[in-house]
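Chemist: dropping the sequence and predicted coords here.
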Amino acid sequence: MNKFNLKNLSVLYVENDNKVRLDLENKLKDKLKSIYCAVDGIEGLKQFKLNKPDIIITDITMPRMDGINMSMHVRKIDATLPIIVLSNEYSMSYLTVILKLGMTQYFRKPVEYKRLIEILEVMSKDIIYEK
């Protein structure tokens with residue numbers, strides 16, 4: 001896989017934990033065309049509408065609006081946008097909703113960075129092909 005494909009991607013990363021968000025943002029920012037960050041689903045939805053990212057990476061449990069509700073709103077606008085879910089939570093109810101919303105990947109926290117990059121590289125091939 002050509003790793004330069006990531007330079008063509010824009011990602012929206014929604015995470016309420018400042019330390020976790022800044023850590024992953026710093027790891028990704030030099031690999032991507034752009035990364036937009038939000039602290040909860042309300043801000044994430046605004047960023048999504050404003051920036052139209054290629055991929056969303058979101059936590060599930062957040063204040064004001066969680067990642068599931070934000071993703072439901074996103075799906076009304078774009079039914080095929082890849083959404084990657086990161087969470088400490090692991091329950092069948094979450095997994096069922098994630099599947100129904102057509103979310104692309106689910107990662108347990110702490111995120112295995114190397115695996116996330118591999119998934120983004122695979123997704124980049126499809127996204128670039130579609131563009």
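Modeler: Received the coordinates, thanks.

Chemist: so for the helix or strand harbouring residue 36, mean pLDDT?
Modeler: Assigned by DSSP states H and E, residue 36 belongs to strand 34-38. Strand 34-38 carries an average pLDDT of 98.

Chemist: in terms of secondary structure, what does that strand contact?
Modeler: Packing contacts for strand 34-38, counted by 3 or more CB pairs under 8 Å, 6 or more residues apart in numbering; DSSP states H and E, involve strand 10-14, helix 18-28, helix 41-51. From N, CA and C alone the C-beta is placed, and that goes for glycine too.

Chemist: residues in contact with that strand: which ones?
Modeler: Contacts with strand 34-38, where a contact means CB atoms under 8 Å, 6 or more residues apart in numbering, come from 10-15, 21, 25, 28-29, 44, 46-47, 51, 53.

Chemist: quick one: buried ones out of those?
Modeler: Among the contacts of strand 34-38, the ones that count as buried by 16 or more other CB atoms under 10 Å are 11, 12, 13, 14, 15, 21, 25, 28, 44, 47, 53.
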